[in-house]
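Predicted model, plus sequence, below.
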Amino acid sequence: MRTRIQERFRGLREAGELGIIGYITAGDPSLDATLKFVLALAQAGADVIELGVPFSDPLADGPTIQRASERALKSGTTLASVIELVGRIRKASQVPLVLFSYYNPILQMGLEKFANATETAGADGVLATDLTAEESDDYRRILAAHHLDTIFLGAPTSTDERLAKIAACSSGFLYLISRTAVTGAKDALPDDLPALLRRARAATRLPIAVGFGISLPGHVSVLGGLADAAVVGSALVAEIEKATKTGPSGSAIDAAGSALAEKVRSLKEAARHGLSRREVAP
């Protein structure tokens, strides 16, 4: 049985189209606002949406997402409440959903309880950003039993052997970090990204999504000839922060939703008109 993530990537492959994966921090500035943001992103054309679970020590994240995590934690957001939010989203949309979390909250909840609740709510995959492939046997076994994709991160520093190991532990797609740095929007993609993607292609037939630093339609146009999807996170979180700076009023939430939709539409337009990904596909 294919997950929504797998089905979406199959559709993108058949269309020869680059996917757009949007990341936002759940609970920033509230879970009700996040529900509206997710629906706006989905309606604007986001192919997959990652819901970031706020964490008190987000070492892999840059300042934009760190501030979003702080705001979400202050609003009372927990892993359990993010899972409940997934259920609310499912009543209105079938967009593929990934829970993006550090491993500690998952471990504290308990793997079986987490997997059961996440499947029941209607999520499609999980990315535990600080869980290594070597320590993931129980995690992968339990999540697979609940029909949840397990997504792992590959990096520029990963050897070919390491990329193969990470890919073997992944399902849904392989998330490739474009640079050795924390998250955050950048002006240009790294010069060595094409070589990294070629190495990843040699290691797996899974779809490959590239994240960290993706923010502009020009980035997406370039990736159209290299990857299967672009992950956009900090650029979206920054739009929420900007629109709600004076407070989470109804008008501010609406403005943030409109800004998110406009951003994704521009990126999706670039994805549809970028270079064909088949140029470098195996």
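Good, I have the coordinates. Numbering: from 1, shown residues only.

Just the residues contacting the lowest-mean-pLDDT helix or strand in the chain, thanks.
When each helix and strand of the chain is scored by mean pLDDT, DSSP states H and E, helix 217-223 comes last, with a mean of 84. With Cβ atoms under 8 Å, 6 or more residues apart in numbering as the contact definition, helix 217-223 has outside contacts at 18, 20, 189, 210, 213-214, 230, 266-267, 269-271, 273-275. C-beta: built from backbone N, CA, C; applies to glycine.

Need the phi and psi values for the residue nearest the centre of the chain.
Geometric centre of the chain, nearest residue: residue 50, 3.7 Å, by Cα atoms, centre = their mean. Dihedral pair for residue 50: phi -100, psi 130, per degrees, to the nearest 10.

give the contact list for it.
With contacts defined as Cβ under 8 Å, 6+ apart, residue 50 is in contact with 21, 22, 23, 24, 97, 98, 99, 100, 127, 231, 233.

what's the answer for residue 90, then?
Neighbour list for residue 90: 121, 122 [criterion: Cβ under 8 Å, 6+ apart].

repeat that with 6 Å
Contacts for residue 90 (Cβ atoms under 6 Å, 6 or more residues apart in numbering) come out as residue 122.

Could you do residue 126 as well?
Here residue 126 is in contact with 99, 148 (Cβ under 6 Å, 6+ apart).

Just checking, which helix or strand succeeds the helix or strand hosting it along the chain?
Using DSSP states H and E, residue 126 sits within strand 125-128. The helix or strand immediately downstream of strand 125-128 is helix 137-145, counting by DSSP H and E.

What residues sit buried inside that following helix?
Buried residues in helix 137-145, counted by 16 or more other Cβ atoms under 10 Å: 139, 140, 142, 143.

with those residues in mind, which one is nearest to residue 256?
Using Cβ to Cβ, residue 143 comes nearest to residue 256 of those, at 31.6 Å.

Compute the distance between the closest one and residue 118, please.
Separation of residue 143 from residue 118 (Cβ to Cβ, to the nearest Å): 8 Å.

Can you list the buried residues in the longest helix anywhere in the chain?
Secondary structure assigned by DSSP state H gives helix 250-273 as the longest helix of the chain. Neighbour counts over helix 250-273 (16+ other Cβ under 10 Å) mark 252-253, 255-257, 259-261, 263-264, 267-268, 270-271 as buried.

all strands of the stretch 51-200 of the chain, in order?
97-101, 125-128, 149-150, 153-154, 174-177 (DSSP state E, counting those that start in this stretch).

so what strands line up beside the longest strand along the chain?
The longest strand of the chain (DSSP state E) is strand 19-25. Sheet pairing of strand 19-25 (DSSP bridges) gives strand 48-52 (parallel), strand 229-232 (parallel).

Looking at the ones you listed, spot the one closest to residue 155.
Using Cβ to Cβ, those put strand 229-232 closest to residue 155, at 13.8 Å.

Now do that closest one: everything it contacts.
Contacts for strand 229-232 (Cβ under 6 Å, 6+ apart): 19, 20, 21, 22, 209, 210, 211, 214, 220, 223.

For the next helix or strand after it, list the C-alpha coordinates in PDB.
Using DSSP H and E, the helix or strand that directly follows strand 229-232 along the chain is helix 234-243. Taking Å, rounded to 0.1, in the frame of the first residue of the first chain, the C-alpha atoms of helix 234-243 are listed here in PDB:
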ATOM      1  CA  SER A 234      12.800  29.300   6.700                       C
ATOM      2  CA  ALA A 235      11.400  31.500   3.800                       C
ATOM      3  CA  LEU A 236       7.900  30.400   4.800                       C
ATOM      4  CA  VAL A 237       8.400  30.700   8.500                       C
ATOM      5  CA  ALA A 238       9.800  34.200   7.900                       C
ATOM      6  CA  GLU A 239       6.500  35.200   6.200                       C
ATOM      7  CA  ILE A 240       4.600  34.100   9.300                       C
ATOM      8  CA  GLU A 241       6.900  35.900  11.600                       C
ATOM      9  CA  LYS A 242       6.600  39.100   9.500                       C
ATOM     10  CA  ALA A 243       2.900  39.100   9.200                       C
END
